[in-house]
Structure formats: structure tokens, C-alpha cells
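>>> Have a look; sequence and predicted model below, questions after that.
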Amino acid sequence: MEATTLSESERLRLVSSFLGFAIGQTPEAARWFLQAKSWNLDEALFFFFQSVNQNPRNDHSPARSTNLRHEQQISSTSPLRLLFDGTFTEAKSAASRQEKWLLLSLQSRSCTLNRDTWSNDSVSRIIKANFVFLQVYDDTIEGRSVCSLYQLQTTPVVLLIDPTTGQQMHLWSGKIDPRAFLEDLVPFMDHGPRECSSSSVSRKRPRMDPMVAKQVTDSLRNMTLEAVFPPLPEEPQGSSNGGFLCRVGVRLPDGRRLVRSFNKSDPIQLLWSFCYSELEGWEGKPLKLRLAIPGASKTLEYGSNLTFEQSGLENSLITVTTWD
């Protein structure tokens with residue numbers, strides 16, 4: 001679209017998007033850079049960071065910043081290559097035409113999700129190939145509208161939305177572990193929103209195309225292999241009645257059932273350390289740990305940083321399989 005044909009609302013949207021990456025800048029500075037590049041967002045952002053690098057102490061430059069390092073970090077980790085360039089309504093329309101689910105990231109002007117989740121290679125590849133991805137900031141008009149529409153109280157939040165009905169299908173909040181996020185996306189990757197009702201997606205995992213399944217499995221396997229497991233301490237002695245110990249049952253891939261005590265304050269990462277200590281020759285094979293829940297199961301997240309007490313694993317049974 002030519003710059004001369006842009007409406008004022010479209011220019012305000014571009015200013016808002018620019019400010020989402022150029023932390024600390026003013027709307028006037030954003031307009032200056034966008035106008036200099038005929039309202040091309042990518043070129044304006046490149047021009048901005050190039051200007052900052054060349055004039056870091058020029059107080060008269062529109063790129064003047066009190067937090068240069070933070071801005072450079074956002075530039076290097078931003079999900080710009082993944083983002084849909086348009087409004088929420090336009091993103092829904094595009095997702096509906098492409099028969100893809102809409103992923104909407106609502107966050108404050110920080111790089112928490114940009115740095116920790118969207119910069120992950122596996123996550124970015126999966127999103128780019130299978131979803132329409134929109135990022136909205138909570139201090140914009142559109143951000144406040146989304147908060148009101150979906151009754152959101154805190155950020156960051158990521159919504160998976162049916163683009164035809166606007167129905168919220170899944171929600172993630174706070175810090176998002178890339179491996180757990182990918183696993184949550186699996187049921188939505190085989191069929192588009194027109195082919196799946198909300199009940200069929202949420203209650204029954206569809207059969208996934210073999211190529212898509214291999215892509216996700218490889219990504220999850222690589223993430224698990226990259227983990228560094230903590231050393232396993234000696235098993236604590238005593239009775240769990242004292243309130244300090246947590247007993248957990250584990251069913252290993254070779255069929256053995258073991259029971260092990262941990263301190264309630266220990267991180268659940270020790271479960272992985274324990275399983276590998278009992279499986280000779282399994283080094284390098286990624287393990288999937290699932291908590292048996294009546295009528296369902298839940299995959300434990302290695303990167304959750306929860307303790308045994310926080311995770312509610314006391315007197316539970318963990319089933320151990322592989323990602324293969």
C-alpha cells in the first residue's frame with residue numbers, strides 16, 4: 001500500500017507497532033522515522049536502530065534513548081519476521097482465509113516473551129508454518145479492546161483463537177516454556193478451525209499428519225536433549241508424615257515401578273535426574289514425564305522451576321516414556 005493512501009488509523013497502528021520495538025521513544029520520533037521510510041515499518045525500524053548505533057550520545061537525534069542496550073536487545077530478539085502486519089480484525093480475516101488458527105500475544109512493552117519464547121528456533125518455525133501470529137501491546141487502543149473482549153486482567157497473555165467465531169480456544173499466561181508451549185499446540189496443528197469444533201480439539205487429540213508430527217517431535221526432542229539435569233542428592237530418610245518429604249511413584253519405560261522420596265522443597269527437575277540414574281544406557285534419549293490424572297494425563301514441564309510441593313506431586317504416579 002502506498003504511503004499516500006494510508007488512513008490516519010493505519011498510521012497510528014504503524015506508530016504503535018514501531019513503539020513496541022523502540023522502547024522509550026515518543027510518538028513524534030516514531031512518525032519521523034516512519035515518514036522518512038515512506039511508512040514502511042521494517043525499513044523504519046532498521047533505520048532507527050542504525051541511527052542509535054551511529055549516534056548513541058546525540059541528544060538532538062530523534063533516536064535519543066536512555067536505555068540503548070535494552071533497545072538493541074529487543075531489536076535482535078523481536079518476532080518481527082513472524083508477525084502479521086495488520087489489525088486484530090484483519091488478522092482474524094487472514095487466518096480464516098488461510099484456514100489457520102490465530103495466535104495473539106498481548107504483552108506490555110517489554111521483551112520477556114520476545115526473548116524467552118518467540119526467539120526459540122523451534123517455536124518460530126512451528127508458528128510461521130502453521131499459524132497467523134499477531135502481537136498487541138496492552139497500552140494501545142487495540143490492546144485495551146482485546147483485554148475487554150476476552151476479560152483479561154494481567155499480561156503477558158497468549159490466546160489461541162478460532163478466527164471465524166472469535167472463540168478463545170486456549171490461553172497461556174506469564175512465562176511460557178517453549179517445550180510445553182509446542183506440546184500444547186500439537187492438537188491444533190493437524191486440522192484448521194473449520195474442520196475442528198472446540199470439543200473435538202480440547203477433548204480428543206486429532207490424528208496428526210506424519211510430517212507435522214515429526215516436525216514437532218524433533219523440536220521437542222532437541223529441547224529435552226539440550227537440558228542439563230541437576231545432580232541427584234541422596235534420598236532423604238524419614239516419614240512423610242512430618243511434612244517435609246514427598247514420595248513419588250515412577251513407572252519406567254522398561255516396566256519397572258519405583259518409589260522415591262524427595263524433599264518437598266526440591267525442584268521437580270530431580271525427577272529427570274532420578275529416571276536417568278535408573279536407566280542404564282539411556283543417556284541422550286529424551287524422556288517425557290507424564291502425571292496420571294483420572295480421565296487424563298499431564299506432561300510435566302522440565303523448565304517450570306516448580307518444587308515438589310508447588311507441583312502437587314506427593315503420592316502421585318509418574319509415567320516415563322520417550323519423545324520418539
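Arrived safely, thanks for sending.
>>> which residues of the stretch 151-300 of the chain score low on pLDDT?
For the stretch 151-300 of the chain, the stretches with pLDDT under 70 are 190, 196-228, 239-243, 282-284, 292-297.
>>> Swap in 50 and give it another go.
For the stretch 151-300 of the chain, the stretches flagged by pLDDT under 50 are 197-207, 225-226, 240-241, 294-296.
>>> And the helices in it, which stretches?
Assigned by DSSP state H, counting those that start in this stretch, the stretch 151-300 of the chain shows helices spanning 178-185, 198-203, 210-226, 269-278.
>>> same check, this time on the stretch 1-150 of the chain
8-21, 27-36, 41-54, 68-77, 88-98, 112-113, 121-130, 141-149.
>>> Go through these and name the closest to residue 252.
Counting by Cβ to Cβ, residue 252 lies closest to helix 121-130 out of these; the figure is 26.9 Å. All C-beta spots, glycine's among them, are computed from the backbone N, C-alpha and C.
>>> Give me the buried positions along that closest one.
Burial within helix 121-130, assessed by neighbour count using 16 or more other Cβ atoms under 10 Å, is assigned to 122, 123, 124, 126, 127, 130.
>>> can you tell me which of the residues you listed lies nearest to residue 32?
Ranked by distance to residue 32 (Cβ to Cβ), the buried residues of helix 121-130 are led by residue 124 at 30.5 Å.
>>> and the closest one, how far is that from residue 84?
Counting by Cβ to Cβ, to the nearest Å, the separation of residue 124 from residue 84 is 14 Å.
>>> Residue 276 too?
In terms of Cβ to Cβ, residue 276 sits 41 Å off from residue 84.
>>> Domain ranges for the chain, per the record?
By the record's domain assignment, the chain is partitioned as 3-77, 88-225, 240-322 (automatic domain parsing).
>>> Nearest to residue 232 among those would be which one?
domain 240-322 (4.2 Å).
>>> Could you report the neighbour count for residue 260?
19 (other Cβ atoms under 10 Å).
>>> Also the one 4 residues further on?
Taking other Cβ under 10 Å as the neighbour definition, residue 264 ends up with a count of 17.
>>> leaving aside the residues next to it on the chain, what's closest to it?
Spatial nearest neighbour of residue 264, excluding adjacent residues (Cβ to Cβ, 6 or more residues apart in numbering): residue 309 at 3.9 Å.
>>> what's near enough to touch that neighbour?
Each residue near residue 309 by Cβ atoms under 8 Å, 6 or more residues apart in numbering is listed here: 246, 264, 265.
>>> helix, strand or coil for it?
At residue 309 the chain is in helix, as set by DSSP: H, G, I helix; E, B strand; the rest coil.
>>> any idea how far it is from residue 300?
On the measure of Cβ to Cβ, residue 309 and residue 300 end up 15 Å apart.
>>> Equivalent analysis for residue 18, please.
40 Å.
>>> just residue 169 next, same as before
Counting by Cβ to Cβ, the gap from residue 169 to residue 300 is 23 Å.
>>> Could you do residue 5 as well?
Computed as Cβ to Cβ, the residue 5 to residue 300 distance reads 52 Å.
>>> Those two: which is more packed in?
Between residue 5 and residue 300, residue 300 has the larger neighbour count (other Cβ under 10 Å), namely 18 against 8.
>>> how about that one, what does it touch?
268, 271, 289, 290, 291, 311, 318.
>>> now, which of the residues you listed sits nearest residue 94?
Using Cβ to Cβ, residue 290 comes nearest to residue 94 of the contacts of residue 300, at 35.8 Å.
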